[in-house]
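In: for reference, the sequence and a predicted model appear below.
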Amino acid sequence: MSTLAMTATTTAPGRARFRDLLAAEWIKFWSLRSTPWVLLLGAAVVVLAAVKNATYTYDHFEPGPTAGYHQAALDSAFSAVGADVVMLVGGGLGAFVVVCEYASGLIRASLAAVPDRRALLLAKAAVLTGVMLGWGATVSGTAFGVAQAIIGGRGIGLPITDPGAFRFVAAAALFAPVCALVGLCLGVLIRHTAASVVSTILVLFFVPSFFTDTYHWSADVAHALPFTAWRRLAQVDLTNQRVSPYPATVESGWITFAVWSVAAVAIAALTIRRRDH
């Protein structure tokens with residue numbers, strides 16, 4: 001961690017203003033040398049996946065009355081591959097920014113300078129949310145624009161004003177900070193780099209695979225998970241989709257995003273307040 005970050009955190013002890021905490025957390029976030037590279041490489045993979053998907057759609061498109069190309073045009077921009085990358089980048093980075101501070105010992109200076117531990121955690125969460133929301137919006141918007149430009153040659157490209165397109169892009173953009181806050185929470189709880197990242201991957205990637213819509217209770221659990229919520233929000237054309245016996249709603253998808261974000265910050269704030277003295 002840089003000397004500048006340490007100085008920003010340890011100066012002006014006492015009741016620091018929240019904007020000062022935001023400034024300190026902003027410096028600490030970008031002081032991690034891996035942060036820009038992780039964000040850049042993650043963005044590149046998402047956009048390249050969109051190019052590959054759009055090229056496949058372009059090559060295999062057959063004009064006719066076949067329905068479902070509205071959803072296919074959107075999926076070309078941000079498919080499950082893109083969502084997986086966002087979960088890895090967001091969740092991993094969210095856990096890493098916390099664990100790295102514990103590992104370096106900077107957390108002791110931060111907690112000594114800021115008696116209000118909840119304010120410190122909220123500032124960290126706010127910076128992480130802002131960065132990941134900006135990153136998610138940029139990546140999803142770029143992937144959408146590139147994909148639609150490619151398949152536009154076949155006459156099936158969609159503008160962002162198309163019904164459902166804005167919701168599709170917004171869901172992809174918001175998915176990044178949701179995953180990051182989950183990683184942040186697990187990082188505060190576990191405080192071990194490898195264990196925190198692995199736990200984040202397990203929660204975001206593998207837990208959804210254990211629940212299907214075969215039974216009502218299982219479908220309810222699945223619908224309450226971030227990945228399943230994103231998948232429902234990304235389904236804007238249900239023409240060729242399998243009808244689920246217990247379908248999720250768009251409203252429940254947004255609610256799931258909000259609940260996970262708020263719960264992750266609340267649990268992390270409660271943990272850091274009780275455990276770190």
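Out: It's in. Only a predicted model underlies this, so the values are computations on that prediction, with no experimental measurement involved. Numbering: from 1, shown residues only.
In: every contact and neighbour count from this point should use C-alpha atoms.
Out: OK.
In: work out for me the element residue 103 sits within.
Out: helix 80-104 (DSSP states H and E).
In: so which bits of the very next helix or strand once past that helix are buried?
Out: Proceeding N to C from helix 80-104, the next assigned helix or strand is helix 106-113, under DSSP H and E. Buried residues in helix 106-113, counted by 16 or more other C-alpha atoms under 10 Å: 106-107, 110-113.
In: contacting residues around residue 220?
Out: Taking C-alpha atoms under 8 Å, 6 or more residues apart in numbering, we find residue 220 in contact with residue 213.
In: show the pLDDT at it.
Out: On pLDDT, residue 220 comes in at 90.
In: now find how far off-centre the strand or helix carrying it is within its chain.
Out: Assigned by DSSP H and E, residue 220 belongs to helix 216-223. The chain centre lies 22 Å from the centre of helix 216-223; the measure is C-alpha atoms, centre = their mean, to the nearest Å.
In: residues of it that come out buried?
Out: Buried residues in helix 216-223, counting neighbours by 16+ other C-alpha under 10 Å, are found at 219-223.
In: what of stretch 141-150?
Out: Buried, per 16+ other C-alpha under 10 Å, within stretch 141-150: 141-150.
In: looking at these, which two lie furthest apart in space?
Out: Maximum pairwise distance among the buried residues of stretch 141-150 (C-alpha to C-alpha): 14.4 Å, between 141 and 150.
In: let me have the buried residues of stretch 141-150 in a markdown table, extended by pLDDT, secondary structure and distance to residue 48.
Out: Shown next, in a markdown table, are those (pLDDT from 0 to 100; DSSP: H, G, I helix; E, B strand; the rest coil; distance: C-alpha to C-alpha, whole Å):
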| residue | pLDDT | secondary structure | distance to residue 48 |
| --- | --- | --- | --- |
| 141 | 95 | helix | 13 |
| 142 | 96 | helix | 11 |
| 143 | 96 | helix | 8 |
| 144 | 95 | helix | 11 |
| 145 | 94 | helix | 12 |
| 146 | 95 | helix | 9 |
| 147 | 94 | helix | 10 |
| 148 | 93 | helix | 13 |
| 149 | 93 | helix | 14 |
| 150 | 92 | helix | 12 |
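In: could you dump these into CSV with distance to residue 83 added?
Out: What follows is the buried residues of stretch 141-150, written out as CSV (distance: C-alpha to C-alpha, whole Å):
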residue, distance to residue 83
141, 14
142, 15
143, 12
144, 13
145, 17
146, 17
147, 16
148, 18
149, 21
150, 21
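In: and which of these is nearest to residue 117?
Out: For the buried residues of stretch 141-150, the nearest to residue 117 is residue 141 (35.7 Å; C-alpha to C-alpha).
In: list the buried residues of the helix or strand where residue 44 lies.
Out: With secondary structure defined by DSSP H and E, residue 44 is part of helix 34-60. Neighbour-count burial for helix 34-60, counted by 16+ other C-alpha under 10 Å, picks out 38-39, 42-43, 45-55, 57-58.
In: what is the helix or strand residue 271 falls within packed up against?
Out: Using DSSP H and E, residue 271 maps to helix 250-275. With contacts taken as 3 or more C-alpha pairs under 8 Å, 6 or more residues apart in numbering; DSSP states H and E, helix 250-275 sits against helix 117-151, helix 165-190, helix 216-223, helix 226-234.
In: so which elements touch the longest one?
Out: Using 3+ C-alpha pairs under 8 Å, 6+ apart, the elements in contact with helix 117-151 are helix 18-31, helix 34-60, helix 69-75, helix 80-104, helix 165-190, helix 250-275.
In: now that helix against helix 80-104, angle please.
Out: Angle of helix 117-151 versus helix 80-104, following axes from the mean of the first three to the mean of the last three C-alpha atoms, to 10 degrees, is 150 degrees.
In: now the angle between helix 34-60 and helix 117-151, please.
Out: 30 degrees.
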